[in-house]
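Peer 1: one predicted model, sequence on top.
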Amino acid sequence: MSKPLTEEIKSEVDRRRTFAIISHPDAGKTTLTEKLLLFGGAIREAGTVKARKASRHATSDWMEIEKQRGISVTSSVMQFDYSGHRVNILDTPGHQDFSEDTYRTLTAADSAVMLIDVAKGVEAQTIKLFQVCSKRGIPIFTFINKLDREGQSPFDLMEEIERVLGIRSVPMNWPIGMGRDLCGVYDRMKNQVELFQGKDHTKIEVRKVEDYNDPIIREMAGEFMHDQLKQDLELLDVAGDQFDYEKVRRGELTPVFFGSAVNNFGVQTFLENFLQLAPSPTPRKSTDGEIEPVSEKFSGYIFKIQANMNPAHRDRIAFLRVCSGRFDRGMSVKHVRAGKEIKLSQPQQFLAQDRDIVQSAYPGDIVGLFDPGIFRIGDSLSQGKEVVFDELPTFSPEIFAKVTVKNALKHKQYQKGIDQLTEEGTIQVFHTTSGFEETILGVVGQLQFEVFEYRMKGEYGVDIQLHRMTFQFARWIVDDNVDPSKYRINSTLVKDKKGNYVALFENEYAMRTAMDKNPTTKFLETAP
Ligand code: G4P
């Protein structure tokens, strides 16, 4: 007999882990993802994901722009099973394909894995992504990669994580040696030594020990290494943070793992610990209070829309995060904003770029819905009672450009394109407030401009010209009495789509000066 629905949903929720890997380009995200997929049996050969990354232009049927540049415009989702768990990895695009989608994807994750290169430490893109996760208060797990290379000392890295990111850390394991001298790690939680042998560090010998004073370690790693290890761990025991599960769950403490993804060293241990400690899908905030994932009624929200995945059909895919209940193929749900029932008939799940048809999905899963143009980012879908999930946050643009139409006769199509593409979240749009009204576009990643230009031409038949501007910061002005002359000294005052005043600054100094001169004015990073 089949299980009652609530029980079925509960057991599916309990075994799910949905997370994103956040890192700076080149830290090893592709390599780590690939190792995780190999453990899960989702791919059979090493190099599968990497080959895709390298030769996407050859196999992809996605946007032309993607073909030209050999990069992925979209965040895809990878799913696999490992020791009873169902794992969803959300891929967050980096490099030049960094965009607001990267940030929005993070809202669909229940936890994050922060990948750091042992030699480079905390880098720019990691900081940005960390901040988005940190604002949501989700648990963040750290994997320090490339231990087979010389890098910074583990203590320095922990200090840097705290200084730059403002989060305390607790090492779950500790390296024995580093670079060419690396011989293994000491697992502080299980009191065991994992030793790696041979040039490629792949042979693993695992030995249980009493504690880090155990003479077995001396036998295994030699006197010098053991003394160093003892010294480090004694210091950590006295001065380091204790493991505290509640703090990890609140995102106040990050468990740190050391390893080398390319050598598959420490990856399995990391995966097993992570699956044990990371949360299963958590309740989501809505206008109706928190929605429990185990509720029998289905609900979810759209966090991303991908256009033109198949240029021949010009279709769009809306990415849905399931928040509660069970999703069934062909089910009817309420599209809350549109106020109508719709049938979800062509759901797809993703593994890299292969699309599979989904029969059912549970909270934590991501489903791709065929979108004939009815969805917007942030839309909620629900069964039974209407549920509206808290709107997705907008992000402060950092790159700006003035936009003009090459052919003035196309103005109507141009306006339509701007309206639709801002609604989809492709770009943010502003208008100047003095003199001849001009349109300024704001984005967080250069790629958004390219996508905008491409789609204006392809979908609306409008050739546009973008003129890059030197602004770097946008701040929404909240003031009882907005007097444009007050901010203009150091900035340009514009209005967003809803008519809110926004000051654009060229540098941090100009922004700080405006803030100092107007102490009663609020300067918000995003729209109020
Ligand atoms: P990304 O997705 O974060 O951009 O990084 P990716 O996995 O592509 O890795 C970037 C480079 O770092 C690759 O080298 C990869 O092999 C290497 N790498 C990943 N993990 C480790 C590690 O644990 N140790 C060392 N030493 N290197 C690592 P590449 O030269 O760019 O590519 P490839 O020719 O080696 O594939």
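Peer 2: Arrived safely.

Peer 1: can you count the residues close to whatever residue of the stretch 101-250 of the chain ends up closest to the ligand?
Peer 2: Of the stretch 101-250 of the chain, the residue with the smallest distance to the ligand, taken as CB to the nearest ligand atom, is Lys146 at 3.8 Å. Using the backbone N, CA and C atoms, a C-beta is placed for each residue, glycine as well. Other residues within reach of Lys146, judged by other CB atoms under 10 Å, total 25.

Peer 1: how about stretch 392-405: buried residues?
Peer 2: Neighbour-count burial for stretch 392-405, with 16 or more other CB atoms under 10 Å as criterion, is recorded at 392-397, 399-401, 403, 405.

Peer 1: among these, which pair sits farthest apart?
Peer 2: In those, the most distant members under the criterion CB to CB are Pro393 and Val405, with 30.7 Å between them.

Peer 1: picking up where we left off before, for the residue of the stretch 101-250 of the chain closest to the ligand, which residues are in contact?
Peer 2: 27-28, 117-119, 260-262 (CB atoms under 8 Å, 6 or more residues apart in numbering).

Peer 1: do that again at 7 Å, thanks
Peer 2: Under the criterion of CB atoms under 7 Å, 6 or more residues apart in numbering, the contact partners of Lys146 comprise 28, 117-119, 260.

Peer 1: quick one: buried ones out of these?
Peer 2: In the contacts of Lys146, burial by neighbour count holds for 28, 117-118, 260, counting by 16+ other CB under 10 Å.

Peer 1: among the contacts of Lys146, name the ones in strands.
Peer 2: Taking DSSP state E as the definition of strands, these contribute Asp117.

Peer 1: of the contacts of Lys146, closest to Ala503?
Peer 2: Asp117 (36.4 Å).

Peer 1: bridging residues for that closest one?
Peer 2: Using DSSP bridges, the bridge partners assigned to Asp117 are Gly121, Asn145.

Peer 1: ok, it touching Asn145?
Peer 2: Yes - the pair Asp117 and Asn145 qualifies as a contact (CB atoms under 7 Å) at a distance of 5.9 Å.

Peer 1: from the chain's centre, how far out does the lengthiest helix in the chain sit?
Peer 2: Using DSSP state H to define each element, the chain has its longest helix at helix 223-239. For helix 223-239, the gap between its own C-alpha mean and the chain's C-alpha mean amounts to 35 Å (CA atoms, centre = their mean, to the nearest Å).

Peer 1: got the contact list for that helix?
Peer 2: Contact with helix 223-239 is made by 171, 174, 176-177, 183, 186, 212-213, 217-218, as judged by CB under 7 Å, 6+ apart.

Peer 1: okay, buried residues for that helix please.
Peer 2: With burial defined by 16+ other CB under 10 Å, the residues of helix 223-239 counted as buried are 225-226, 228-230, 232-233, 236.

Peer 1: return only those of these found close to the ligand.
Peer 2: Under the cut-off given by CB under 6 Å from any ligand atom, the ligand has nothing from those close to it.

Peer 1: burial of Phe436, as a residue count?
Peer 2: The number of residues packed near Phe436 is 5, by other CB under 10 Å.

Peer 1: and for the one 10 residues further on?
Peer 2: Counted with other CB under 10 Å, the neighbours of Gln446 add up to 15.

Peer 1: likewise Glu162?
Peer 2: Neighbouring residues of Glu162 were enumerated by other CB under 10 Å; the total is 15.

Peer 1: over to the one 3 residues further on?
Peer 2: Other residues near Leu165 come to 19 when the count uses other CB under 10 Å.

Peer 1: is the nearest residue to it once chain neighbours are set aside part of a helix or strand, or is it coil?
Peer 2: The shortest distance from Leu165 to any non-neighbouring residue, by CB to CB, 6 or more residues apart in numbering, is to Phe130 (5.3 Å). In terms of secondary structure, Phe130 is helix; the call rests on DSSP: H, G, I helix; E, B strand; the rest coil.

Peer 1: low-scoring stretches of this structure, by residue?
Peer 2: Across the chain, the stretches falling below the confidence threshold (pLDDT under 70) are 1-2, 42-76, 94-97, 198-203, 307-315, 346-357, 391, 487-490.

Peer 1: now with 80, please.
Peer 2: 1-3, 41-76, 92-99, 196-204, 306-317, 345-358, 391-394, 424-425, 435, 482-490 (pLDDT under 80).

Peer 1: domain-wise, how is it divided?
Peer 2: Per automatic domain parsing, the structural domains of the chain span 15-76+92-172+255-277, 175-242, 284-382, 399-524.

Peer 1: to Tyr82, which of the ones you listed lies closest?
Peer 2: Proximity to Tyr82, assessed across those by CB to CB, is greatest for domain 15-76+92-172+255-277 (4.7 Å).

Peer 1: hang on, the earlier thing: where do the contact lists of Asp117 and Asn145 overlap?
Peer 2: Counting by CB under 7 Å, 6+ apart, the common neighbours of Asp117 and Asn145 are 27-28.

Peer 1: thank you, goodbye.
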